[in-house]
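Asker: sequence-free structure coming up:
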C-alpha cells in the first residue's frame, strides 16, 4: 500500500512544480445514469487527496448535482449564486478534508446561461484562489447533451463509466462516438463487473465497434474496472467513501490502479505540453463556447 502511494506521488510530483503548476482536468461521464459515475469521481478524488495532491471536485452534473450527498457535506449555495453575483466563489467552496474541496454545481441548466460581462470578469478573477490545484475532477451529467460535451471537450482526460448492461453499453458507445469528435483519446472504466475477464471482454466488443465505425481517429483505453461489491453499495448507503472504509479491499485496490493508470498517462502528457491551465481558463473556454 505504501509502495502504491509512493508510486502515485512520484508520477506527477516529479514533473510539476508549485511555481509553474498546471491543474489537470479529469472529466468523468457516462452514457446513462445509475452506473456509479459520481461514486467513481468522489473516490478517485479521495485517493489523490490522500496522496498529498490538492484536489477539487466540481459537481457539473447539471440537473442532478449530488456529490454533496455522497460526501455527506452540507451546501447552502452553489456556482450559480456566484455567477449571479450573490456571493463569492470562496463562499461556496466546501472543505471536505485535507487537500480535498467540493465546488457545488447547480440542479438545473441555468449555470451556463449568464452572460453579464462584469459578473464573469469578477468570477474569473476569483478563480485565482484555485490556481494551486493539482487536479480537478469534473463529475458531468450522463448522456450526450450539449453542455456535457462542452466540459468533455475542455478536459485533459475523459473517462466514460459504464456497467455490464446492454443498454448502458449502448449509451456508453454513443457518448464515446460523440466525444471522439473533440477528444481523440478516451478512457473506459467498467463498473460493477464480475471479474477482470468480463471487463476485458466488454471493452473488446466496444473497441471493435468503435474501430469499425469511428476508425483510427479514436484511441480507446481500458483504464480499469471496479467489482460489484457490497463494500461499495454499503458505502453509498452510509454516505461514506469505500476507499476510506476499506482501503485494502479489492474495490479500493482496483480504484487505486485506475488512478495510477490515469496519473501515468497525465505524466506523459505533461512532458509533451507544459502550458499552464487554471480553473478560470477552463471555465472561460466553456462559457465562450456556450
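Answerer: The structure has been received and is ready for your questions. Keep in mind that what you see is a predicted model, and the values were worked out from it rather than measured.
Asker: wouldn't residue 100 be in contact with residue 47 here?
Answerer: No: Residue 100 lies out of contact with residue 47 (Cβ atoms under 8 Å); the separation is 10.2 Å. To be clear about C-beta, it is placed using only N, CA and C from the backbone, and glycine gets the same treatment.
Asker: Identify the contacts common to the two.
Answerer: Common neighbours of residue 100 and residue 47, using Cβ atoms under 8 Å, 6 or more residues apart in numbering, do not exist here.
Asker: need the contact list for residue 158.
Answerer: Applying Cβ under 8 Å, 6+ apart to residue 158 gives the contacts 27, 29, 152, 179, 183, 186-187.
Asker: So which of the residues you listed are in helices?
Answerer: 152, 179 (DSSP state H).
Asker: So for the contacts of residue 158, which is the shakiest by pLDDT?
Answerer: Ranked by pLDDT, those bottom out at residue 152 (92).
Asker: where's it relative to residue 27, distance?
Answerer: 5 Å (Cβ to Cβ, to the nearest Å).
Asker: what do those two both touch?
Answerer: Taking Cβ under 8 Å, 6+ apart as the contact rule, residue 152 and residue 27 both touch 140, 158.
Asker: Just the buried positions in the strand or helix carrying residue 288, please.
Answerer: Counting by DSSP states H and E, the element that carries residue 288 is helix 279-289. Buried residues in helix 279-289, defined by neighbour count with 16 or more other Cβ atoms under 10 Å: 279-280, 282-284, 286-287.
Asker: and for stretch 215-224, what are the contacting residues?
Answerer: 159, 176, 180, 184-190, 199-200, 203, 206-207, 210-211, 254-255, 257-258, 261-262, 265.
Asker: Tell me who's in contact with residue 133.
Answerer: Contact analysis of residue 133 by Cβ under 8 Å, 6+ apart lists 21, 23, 54-56, 279.
Asker: which one is it nearest to, not counting chain neighbours?
Answerer: residue 23 (4.6 Å; Cβ to Cβ, 6 or more residues apart in numbering).
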